[in-house]
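Colleague: need coordinates for the following:
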Amino acid sequence: MSGSHLSKDFFGLVKSIGESKSKQEEDRIIRNEVATLKKTLSERVGGDKKKVDKKKLKEFLVRMMYVEMLGHDGSFGYIKAVELAAATSIIHKRTGYLTCGAVLSPDHEFRFMLINQLQRDLASSNILEVCAALAGVVRLITGDMVATVVNDVGKLLTHQSDLVRKKAIIALHRLHQLDQSNISAEDLTVKLRRVLCDRDPSVMGASLCVIEKMTLKNPLPFKDLVPSLVSILKQIIEHRLPSEFDYHRLPAPWLQMKLIRILAILGKGDKSSSEGMYAILADTIKRADTGINAGFAVVYEVVKCVTTIYPNPQLLDGAANAISRFMESNNHNLKYLGVTGLSRIVKEHPKYAAQHQMAVVECLGDPDETLQRKTLELLFEMCNPVNVEFIATKLLAFLKDTNDDFLRRQLTERIAIISERYAPTQSWYIGTIIALFAIPGAGDLVDPSIAQNLMALLAEGSGEDDADEDAAMRIAACATFLDLMDSPQMTPVLLQAMAWSLGEYAYLLEGTVELGEVCGKLCKLARWPVVDMTSRRYLVNAVFKLVAQLGTCPGSAAHLIDDFTLSRDPILQQSCCEFQNLITTSNHILPSVFPVDASCEDVGADESLSIMDTYVSSAVAAGANVYSPPSDSDSEDEGGSGGDRDSKKPVFNMTPYEKPPANPHQAIMANISSSGSGVSSGTGSTSGGEQGGLGGGDEVGRQSEVGLRLSGVANVWGPDMTVKKTEPIRQQQKVTQQQPKDEGITSVTKVQEVQQKVEVKDDPGPQPLTEKEKMAMALFGGISGGTERKGENGKEFHRPNGGRKVGKTKAPPVAAPEPRQNEKTGGAEGGGGGGGMDLLDMTFTSTSEAPVVAATTGGEGGGGTTQGTGGDLLLDPFGMGGGGDDYGKGPFKYNGIQVLPLDIDTAGFGGRWGGLKGTVKLAVPNLGKRGFEGVKEFAKVAGLKVVECIEATKECILAGGGGGGEIWLVHCKIGGGGGEVEMQVKTERVEEGEAFKVWAGRNWV
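Modeller: The predicted structure follows:
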């Protein structure tokens, strides 16, 4: 709408709003405008009382939209907008639809008043009215209105005007988003296939927008469109479209980019689909390199597509060459494009970064800060154990110079990540983390867990028996902290790590610096007014340790402790008062209270509190009562006297239930007959025949009784109407549920003997672990809070266990039970109780049976060597050495490399399961008809190791590894009679699991 159609008042409104100096002045202008509009819209013109003419009304509605946009209420004009939408003039109708779409909320009742008008306009013979109605459908229809217009919009897909068909497919997609019950994804897909073949290129281009949105949600229904999309792209780059689609003689660049993005989605992780794209992508990247910006945009989209689909060496080479031209350009925009594209390539294929080293270094020194930031992201993606020192140095240098809070936080996280992931040595890791702590403003952004990991690494050492190396590492850390003690600014995390390290290991610096000097510096730091309270506690505690090591209290430490006994911080005050009392009265026990290098030692606990024996004896001799544990002595609780209950301390029964007899009714009757006269009398006494069988004697003895039976029921509610703690299950109830393994009848004599043994043993010692408990400990034993990586020297880089303090002399983990041969299957057999184990949730469910667990380690899928992830393994990700075999041919391959069995046990499987983010589920029919033999054959072909199979639950776990460090953990569950095997695949990334799913579908489904 041009300026000649608008009045001077409208231009005055826009000008005054733009020139307003404050929000208050703007609000005053809008309030005056609202008053003017209300007055004008309510006026009548002429003696025949006609309303304001529609030309002025159109302008008033535009002014009302300004009122709404600036946060004021314009509801007084909503009805006028609805009236204007019914005008016969197309310009007025479009203004009415525009205003209604801009100001009416989704739940406003005026929207329903527009439905009839929309239906009339959709059925109109005027193309402009139909187009205005389609635009209104997109803006005004809500989910509960879709059914009223969906049929009318669907009919317009065959309209004779290409403009209407183009708008109709967009409106139909919007209706699908609002209500999928009226137009499902399948119906929309069918319509999209027809529109994709439309005779007009603009309609086809509109359908591409919808196809891209739908493939992002679910690409499977569009997989078969790859040949059609390739054909369309081929026609475009060969200039078969009309010349009006060209942009600077480049044919339809926006359609090309749209098609390439769709092909990238459809070819991701799908080799067969990707192979159909290789030729057209290579041709497109050659033809698009015309030296104009639109051509560069097409080239960049091709680079993104090439790095997304199944890799091809020739295409990757072409993409790398295109990136080279971007990197060598003097245009900063093209350099930025090159760095971004290179980041995508090196993320999966790092070998292509070598030829761009100098260009990347030049970008690091470029004055353009945006280009520098993108280059730093590239460095993070390129990082590996070889170049980590250089990259960490660059990131630290950039972190010192930047003032952007968001960038500082991002750099801090990335430096910490690459330092932990690729550190060549422990000393380098410690030095880098300390340097990160020391940067002003950055140390505050460090995750506290990183400082805990640093202190744990110093305490635990390298994890090997190399005391000299550990001492050298601690000396280097302490020396670095000493150099930083004179810094004018220190972050809290640096102060805390410094105080703890010097308090523990400053004695190693003797000969270089005196402990008294270190203690004096720490006292000085503790008195800094800017030190936060947590850091001050760390510093004072370090002073305590140094005083204990010195054997005497220096004057600076004594004054500090005296002053802080009056501290406002109660924790600090209490610590200083206790230490002051300790050093003045019992200084000889200081070395025991603050031992040297004992942060990882297990603290012994005297559970019997023997130190209180003298005090207790004196109190008892003076007439004090001996403590008696509380017990439920309610007279209504049957089952024996209170004294008997106190002497019977229930213990948790770790023995699994035995297998019940085949005919339980026969066993019950046999128990009744064997118990004879020993039927329970219900008085609670423990007579000789009280506990015969499974309680059947009790039932027989009470057949004639009428009333509520309370025998064996704990009294939960006490006299004060509050819930009491229910007594644990009594020993006699436990004993009666345990059936001998070889007999179906429990004799009264054996039950009495077992009961007597339980009653005599008031305080049982530690019970031997059952096989189920050992398996649980093995499964959870593999879960670790840290990781281990190899450095350049070939030694394992010990990573602290999540900052937790653990004993230096650790007890060896409880190993899984030694497998024993199964005579029937020839596999290994685990301990009892394994039938209740869930390999995924790692929970146990007790059953009445103790099924035999057939654990198969190795087998056909076992053995083999684990593919390493270190830098000494030369990768061939594209199968250039032996060609890239299809998923559907032979063993499972990923990135052209065959997957090999991963040599882990059940504990390692459980430890890694929870850390893998990608989850894919699939079902393989008929595979389980041969039981575990079919699963083993599947594992053998796939290249997976059969870690363990459990006969009772029909579960099996498999593991495999790829050449690039990928891991596939597969949990198999054999179904019922159909023989279907349900599989859950856990991987680091979803694409790896999807690749396995595609391979399994082509080989086994």
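
Colleague: just the C-alpha atoms of stretch 195-209, please, in CSV.
Modeller: Below are the C-alpha coordinates for stretch 195-209, written out as CSV (Å, rounded to 0.1, in the frame of the first residue of the first chain):
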residue,chain,number,x,y,z
VAL,A,195,2.3,-31.6,-6.3
LEU,A,196,6.0,-32.4,-6.6
CYS,A,197,5.2,-33.4,-10.2
ASP,A,198,3.3,-30.2,-10.9
ARG,A,199,3.9,-28.7,-14.4
ASP,A,200,4.8,-25.3,-12.8
PRO,A,201,8.2,-25.1,-11.2
SER,A,202,7.0,-22.6,-8.6
VAL,A,203,4.4,-25.1,-7.3
MET,A,204,7.0,-27.8,-7.2
GLY,A,205,9.3,-25.4,-5.2
ALA,A,206,6.5,-24.7,-2.7
SER,A,207,6.1,-28.5,-2.2
LEU,A,208,9.8,-28.8,-1.4
CYS,A,209,9.4,-26.5,1.6
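
Colleague: where along the stretch 851-1000 of the chain do the strands fall?
Modeller: Applying DSSP state E, counting those that start in this stretch to the stretch 851-1000 of the chain gives strands spanning 854-855, 893-894, 897-898, 900-901, 918-924, 945-950, 955-961, 967-974, 981-987.

Colleague: once you drop chain neighbours, what's closest to residue 416?
Modeller: Spatially, and ignoring its direct neighbours in sequence, residue 416 is nearest to residue 450 (5.2 Å; CB to CB, 6 or more residues apart in numbering). No exception for glycine: its C-beta is placed from N, CA and C like everyone else's.

Colleague: what's the one you found sitting at in phi/psi?
Modeller: The phi/psi pair for residue 450 (degrees, to the nearest 10) reads phi -70, psi -40.

Colleague: is it correct that it is in contact with residue 413?
Modeller: No. Using CB atoms under 8 Å, residue 450 is not in contact with residue 413; the gap is 9.7 Å.

Colleague: neighbour-wise, which of those two wins?
Modeller: The neighbour comparison of residue 450 against residue 413 (other CB atoms under 10 Å) goes to residue 450, with 21 against 15.

Colleague: dump the residue contacts of the more buried one.
Modeller: Neighbouring residues of residue 450 by CB atoms under 8 Å, 6 or more residues apart in numbering: 416, 420, 433, 493.

Colleague: okay, those residues in CSV with neighbour count, pLDDT and secondary structure next?
Modeller: Output for the contacts of residue 450, formatted as CSV (neighbours: other CB atoms under 10 Å; pLDDT from 0 to 100; DSSP: H, G, I helix; E, B strand; the rest coil):
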residue, neighbour count, pLDDT, secondary structure
416, 19, 88, helix
420, 19, 86, helix
433, 25, 89, helix
493, 25, 87, helix
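
Colleague: greatest separation within the residues you listed: which pair is it?
Modeller: Using CB to CB, the pair of the contacts of residue 450 lying farthest apart is 420 and 493, separated by 15.7 Å.

Colleague: quick one: end-to-end distance for stretch 484-497.
Modeller: In stretch 484-497, first residue to last residue: 12 Å (CA to CA, to the nearest Å).

Colleague: and residue 1000, what does it touch?
Modeller: By CB under 8 Å, 6+ apart, residue 1000 lies in contact with 892, 922, 924, 942, 983.

Colleague: now the contacts of residue 450 as CSV including distance to residue 533?
Modeller: Converted to CSV, those look like this (distance: CB to CB, whole Å):
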residue, distance to residue 533
416, 25
420, 29
433, 24
493, 14
